[in-house]
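In: Got a predicted structure here, sequence first:
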Amino acid sequence: MDEYQIVELVKDWYRTTSIKAYDNFLLYDTTIISDELYEHSYEHNPSISKQVIGEVSNNITSSVSDLEFPLLINWYIIRDAYLYKKGYLIRRYRPLGAAPLPNLKYIIYCITTKTEHTDITAYQFQNRLVIELVDLDVIANNLNLPNIVSSVLGSKLLSENKMIGYELDEINELTLRQKLFAGHTLDDARRMVYRYFNKNKRELSKEVFKISEAYERVFRPYRVVYNTKTWEPVVL
């Protein structure tokens, strides 16, 4: 499947599935299952962990900046997925399961609007579903995660799974210290786009444009916005 086919598959799943978990898995056979079903299936068939090629995450927002820059707001999904692909398990973290995901290739992030919030639905953002698909290896390299993770957890490939906990704090600190977004850290860029879109700070337009270019360069998203009334692609 190419990027277009995967996004269309996720859109159709989103349209036809009445109950959607926040965390889901795309398998080689193109089925999408919830984290709960994955966990149950793993108990009976541990090899299912090797069939996972994508993580499908769902979210709902009342923030325009979340719709415009979803992975800037939720970058930690990339961190956790990368750790699981490399063989690490995060202590007390259930969504990604009890085993590494060695064939995980895609992160597919879906975010839609809260219809009860007038700050979005009163404008053109009503009935919108944003889907961004990214290649995990590409985005991890652009966030410098291989070097950061090696510096914290060691560079030697693991011969067995390792549970990590407090080490996440150090990985976070090193990742968030980088100025990858037009000279801004991830947190600073996130605050700036929030102020621009949600607080109408239009004097930030030039910096937000630069951050947008950097966002495209770092995350390389394949992005489609759908109208959830017609399920046709639209401009946000």
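Out: The structure has been received and is ready for your questions. Quick caveat: nothing in here was measured; it's all calculated off a predicted structure.
In: all strands of the protein, in order?
Out: Assigned by DSSP state E, the strands in the chain fall at 23-27, 32-34, 52-61, 88-90, 106-113, 128-135, 162-164, 222-227.
In: The longest one vs strand 128-135, what angle?
Out: An angle of 150 degrees separates the directions of strand 52-61 and strand 128-135 when computed by axes from the mean of the first three to the mean of the last three C-alpha atoms, to 10 degrees.
In: And strand 52-61, how far out from the chain middle?
Out: How far strand 52-61 lies from its chain's middle: 7 Å, per C-alpha atoms, centre = their mean, to the nearest Å.
In: where's the residue sitting furthest away from the middle of the chain relative to Lys85, distance?
Out: The centre of the chain is farthest from one residue, Glu203, which by C-alpha atoms, centre = their mean lies 28.9 Å away. For Glu203, the distance to Lys85 (C-beta to C-beta, to the nearest Å) stands at 41 Å. The way it works is simple: take the backbone N, C-alpha and C, and place the C-beta from them, glycine included.
In: With Ser47 instead?
Out: For Ser47, the distance to Lys85 equals 16 Å [C-beta to C-beta].
In: for Lys201, same thing?
Out: Applying C-beta to C-beta, the value for Lys201 to Lys85 is 38 Å.
In: Which one's more surrounded, the two?
Out: A direct count of neighbours by other C-beta atoms under 10 Å for Lys201 and Lys85 places Lys85 higher, at 20 against 15.
In: Does the more buried one touch Leu136 like I think?
Out: Yes - using C-beta atoms under 8 Å, Lys85 is in contact with Leu136, at 6.4 Å.
In: Which neighbours do these two have in common?
Out: Shared contacts of Lys85 and Leu136 (C-beta atoms under 8 Å, 6 or more residues apart in numbering): Leu104.
In: What are the buried residues along stretch 92-112?
Out: Residues of stretch 92-112 classed as buried by neighbour count (16 or more other C-beta atoms under 10 Å): 93, 95-97, 99-101, 104-112.
In: Closest one to Ser63 out of these, please.
Out: Using C-beta to C-beta, Ile111 comes nearest to Ser63 of these, at 9.6 Å.
In: what distance separates the start and the end of stretch 132-139?
Out: End-to-end span of stretch 132-139 (C-alpha to C-alpha, to the nearest Å): 12 Å.
In: Distance from that stretch to the middle of the chain?
Out: Taking C-alpha atoms, centre = their mean, the mean C-alpha location of stretch 132-139 is offset from the chain mean by 9 Å.
In: residues in contact with it?
Out: With contact meaning C-beta under 8 Å, 6+ apart, stretch 132-139 is reached by 3, 6-7, 10, 70-71, 78, 81-82, 85, 104-109, 218-223.
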